[in-house]
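Undergrad: Build the 3D model from these lines:
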Amino acid sequence: MLTRFARRLFQHYEEYHSYGPARLKAIGVLGAITYVLFYFLRFTRPHASLTADLAERALAVLLFALLGLRDRWPVKLKPYYIRVSYFVLLYSLPCFTVLVALERGGGVPNISNAFIILCFLVLLTDWRNTIVMVLAGTAIAALVYVLITPHPHVPMDLVAQLPAFALILIGGQLFKSNTDKIDAERKLRATQALAGSIAHEMRHPLAQLKHSLESMEEVLPPPGTGREPARLSPQQVQALYRHLARGEQAVQRGLQVISMTLDEVSARPIDASTFRYLSAAEVVQQAVEEYSYDPEEARDCVSVQVKEDFTFRGDETAYLFVLFNLIKNALYYVAAYPRTRVTIMVGEQQVKVRDTGPGIAPEALAGLFEPFRSVAKSGGTGLGLAYCQRVMRAFGGAIACDSVPGEFTEFTMRFPVVSEQEREQHRLAAVAQARTVLAGKRLLIVEDDPVQRIATRQKLGPLAVTTELVEAEDGAVALQLLAARKYDIVLLDLHMPGLDGYAVAEKIRRGEGPNRHVYIVAYTSEPAHLARAKALKCGMDGFVSKPCSQLPLLGALQHVVQQPGVTGGSAAGRLAGRRILIADDSAFNRKAIAAYLRNAAAIVIEVEHGRAVLEQLQAQDGIDAVIVDLHMPGMDGLETARAIRAAHESWSAVPVIAMTARSDEPAVTAATEAGMNGFLVKPVDALLLYDTLRRLIGGGASLPAASDTGERPAVPPAQDDGLLNLQRLESYRRLGMLEELLDDYVPEMASLVETLRCAVEGGDVQGSIDALHSLLGMSGEAGAQALYQEVRKLYVPLLEQGEWPAGSNWLPQLQALGVRTEEALRVYCAMQSSRSGAG
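TA: Below is the predicted model:
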């Protein structure tokens, strides 16, 4: 009962200070200055004691200063600011004032101080907390006074002022009611603005989802009648997967908007424990590919220039949010300014997003990164750039904007330098961890391109001591090898002649041999948003994109071993037979979660409320985990978790996972304090659900993917023009692959460009797609980044729409770029060879 009363008091106090002016910060500054000033005024009075109440006053000044320096609080501590302020006010106002008055025996000055402090307390708290603070502060002060004073006595002049104190308390609350109404109106306006802004932001992904569903409806044939069911052609199936991928992108985009908005509104700190080493160029390329363009033609307005890739330490998802937001802002004016072009530049430890739109007025630049600030745009939340700034600060970097009206707008993100020693230590540690996890495993590499097989084997070279590596040049050979002996992991190329990767995966999963439940990792240069859904549908457990440097590839292999994916034997191997209890008053939510778990061969028990959870735990043994919604009628999720922990039964230690649509700091804190072990945000992602359960029931941590790192070689300016990915080439030099690069990669890329030319001249769309697909993977692996980016711009629209690029100059430009790339690669390899000879 007492705990609930205290919780409600804190809730009223937090609501009082959630909106309106920054009263706590102001009283912090004012209190610290005033208490120091009043101390030095003693020097003007004769016979004044300079040490009386010095310790108590110093503590009050320190606490006030803590409130005044709110803007300098660490990000992780800011959510606790209001809670801390409660105890600061309790001590520094009523407790300190009453204690000093008692020690001095009352008197006019102390009575005046008490009046002043009571007035401030009325302004700073709601009426409930004003009364509680006055009573509690007075009681604490009286107790301390009695304990430290040999002969305590009560100053009667203070007691005589109690009616006046009560009058201030009552009158102050009455006069303050008007201010409270103003704050309530301000709160309502802010809530309405936020709700309207989120609704506006959600219209785009919902419209895109609606368009995807309508497109799927157009592709579907009429339902079959009688004994002739409707059949789909291969082209229709591929079209359905494309529309499905776009729909999933739209949903993901909507969830990102919600997550970003809630994170920024609640000022939730970004968890640095999730940071890993990332390639700036790879994350930028991923953002450009996965962004939901509306209309699709807007994709042609965005280009990437990589002058020099670099490594930074951060959270990939958070940084993708940043890039999505900057791309969205840059494309906002494309309809009004059709000549707008967006260029994302990577180099010199910076990423720049520059657009040639209308620009931003100089007077608007100063407050551009403030929350709820939107410049010349209707309907946005105004939180996007504030979130970008918070993410960059969490990474230890910064973001700035430069703009000239009528010419351009450029956002520059600067990242702290990761030292060569730190990168190398990380690389060695990651390789060692992968070698340990994958020790004793047998791995099958299925790849039709011999050059790609060599490159993949080289990247997996550190595993060769403890892991058996076997190669297969096509799907048929892979199936023969899998029928003959047991394998642990299959690294499977998706695009192969004859049996492609999808067909191979389906045959493996339908087979009865020893490898039916082998881990399968898709390895492809197809766009991730298009290939991922098909790969998972065919029973694959992981996905890694080409080109891929060493550490992300090792991380993907380790991930499926330690935390397998959704389908195949991997899910059944970890959750099969596990008894999971789900509590949610929404039958729809229970149905979705139960479907995920039953797909992993788990045994699911569904209930509607918290009381039923306790009944099920009491009635049957062997429940492995409880997933409970936080907001249910009757006994909610928090009360359920507390009841489980307090039962002192054999099942009281069962893992309890919270499930809620809220993910702010108070919700997470409340769940943790109630004894919950995990936290899932609705709508629940299947992979996150599996990973959370495996972590709590039994499982390990995955290797964080990272970009390949290494010392950047000295390169003449002519070479450092964005044609080559020097960081990737340096990794090849360390692996001793430069000779193979010249002998195999360069001729093969030239051959693929010629194959593309023949296909184009012959009007062969599929042949062109095949040639571009191979050239995409080859150029990326070879470090030919300019060629890779150009090929991807051609490949993705051709694959999705089956249409040739507009105009007739694209093929000659691609051929010329191929020639320049070959020359640059040969010059680079010759320079490295001469350096090695000189050494």
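
Undergrad: So for the one helix or strand Val746 maps to, what gets flagged as buried?
TA: Using DSSP states H and E, Val746 sits in helix 746-761. For helix 746-761, a neighbour-count test (16 or more other CB atoms under 10 Å) marks Val746, Glu748, Met749, Leu752, Val753, Thr755, Leu756, Arg757, Ala759, Val760 as buried. In short, each C-beta sits where N, CA and C put it, glycine included.

Undergrad: burial count for the nearest residue to Met635 once chain neighbours are set aside?
TA: Spatial nearest neighbour of Met635, chain neighbours left out: Gly610 (3.1 Å); criterion: CB to CB, 6 or more residues apart in numbering. Taking other CB atoms under 10 Å as the criterion, the count of residues near Gly610 is 25.

Undergrad: which residues does Gly610 contact?
TA: Ala583, Val628, Met632, Gly634, Met635, Asp636, Gly637, Glu639, Thr640, Ala643 (CB atoms under 8 Å, 6 or more residues apart in numbering).

Undergrad: so for the helix holding Val746, what's the average pLDDT?
TA: On average, the pLDDT along helix 746-761 is 87.

Undergrad: again, but for stretch 420-437
TA: 83.

Undergrad: can you check stretch 538-547 too?
TA: pLDDT averaged over stretch 538-547 gives 83.

Undergrad: okay, the angle between the next helix or strand along the chain from the helix holding Val746 and helix 746-761?
TA: Heading C-terminal from helix 746-761, the first helix or strand you meet, by DSSP H and E, is helix 765-781. On the basis of axes from the mean of the first three to the mean of the last three CA atoms, to 10 degrees, helix 765-781 is oriented at 160 degrees to helix 746-761.

Undergrad: Helix 765-781 packs against which elements?
TA: In terms of contacts (3 or more CB pairs under 8 Å, 6 or more residues apart in numbering; DSSP states H and E), helix 765-781 is packed against helix 450-459, helix 746-761, helix 785-801.

Undergrad: would CSV of the ones you listed with distance to Ser419 be doable?
TA: Formatted as CSV, these follow (distance: least, CB to CB, whole Å):
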stretch, distance to Ser419
helix 450-459, 24
helix 746-761, 33
helix 785-801, 24
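
Undergrad: Looking at these, which is nearest to Pro46?
TA: For Pro46, the closest of the helices and strands packed on helix 765-781 is helix 785-801, at 81.0 Å, according to CB to CB.

Undergrad: got the CA coordinates for the closest one in PDB?
TA: Extracted in PDB, the C-alpha atoms of helix 785-801 (Å, rounded to 0.1, in the frame of the first residue of the first chain):
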ATOM      1  CA  GLN A 785      33.700   0.300 -56.200                       C
ATOM      2  CA  ALA A 786      32.800   2.800 -58.900                       C
ATOM      3  CA  LEU A 787      32.000   0.000 -61.300                       C
ATOM      4  CA  TYR A 788      30.100  -1.900 -58.600                       C
ATOM      5  CA  GLN A 789      27.900   1.200 -57.800                       C
ATOM      6  CA  GLU A 790      27.200   1.800 -61.500                       C
ATOM      7  CA  VAL A 791      26.300  -1.900 -62.100                       C
ATOM      8  CA  ARG A 792      24.000  -1.900 -59.100                       C
ATOM      9  CA  LYS A 793      22.100   1.200 -60.400                       C
ATOM     10  CA  LEU A 794      21.400  -0.700 -63.600                       C
ATOM     11  CA  TYR A 795      20.800  -4.200 -62.100                       C
ATOM     12  CA  VAL A 796      18.200  -3.400 -59.400                       C
ATOM     13  CA  PRO A 797      15.600  -1.700 -61.700                       C
ATOM     14  CA  LEU A 798      16.200  -4.200 -64.500                       C
ATOM     15  CA  LEU A 799      15.600  -7.100 -62.100                       C
ATOM     16  CA  GLU A 800      12.500  -5.600 -60.400                       C
ATOM     17  CA  GLN A 801      10.800  -4.200 -63.600                       C
END
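
Undergrad: pLDDT on it, on average?
TA: Regarding helix 785-801, the rounded mean pLDDT is 78.

Undergrad: swap in stretch 347-359?
TA: Average pLDDT, stretch 347-359: 93.

Undergrad: got the end-to-end distance for it?
TA: Stretch 347-359 has its terminal residues 23 Å apart, counting by CA to CA, to the nearest Å.

Undergrad: Okay, and the closest residue to Leu688 other than its chain neighbours sits in which element?
TA: In this structure, Leu688 finds its nearest non-sequential neighbour in Leu680, 6.7 Å apart by CB to CB, 6+ apart. Leu680 is part of strand 678-681 when elements are defined by DSSP H and E.

Undergrad: got it, and Phe369?
TA: Following DSSP H and E, there is no helix or strand that holds Phe369.

Undergrad: Tell me how far the closest residue to it other than its chain neighbours lies from Phe321.
TA: Closest residue in space to Phe369, ignoring its immediate chain neighbours: Gln389 at 4.4 Å, by CB to CB, 6+ apart. Distance, Gln389 to Phe321, using CB to CB, to the nearest Å: 12 Å.

Undergrad: and if you look at His426?
TA: Separation of His426 from Phe321 (CB to CB): 24 Å.

Undergrad: How many neighbouring residues does the nearest residue to Tyr333 once chain neighbours are set aside have?
TA: Sequence neighbours aside, Gly357 is the residue nearest to Tyr333 in space, at 4.2 Å (criterion: CB to CB, 6+ apart). Neighbourhood size, Gly357 [other CB under 10 Å]: 23.

Undergrad: Helix, strand or coil: sort out Gly357 for me.
TA: Three-state assignment for Gly357 (DSSP: H, G, I helix; E, B strand; the rest coil): coil.
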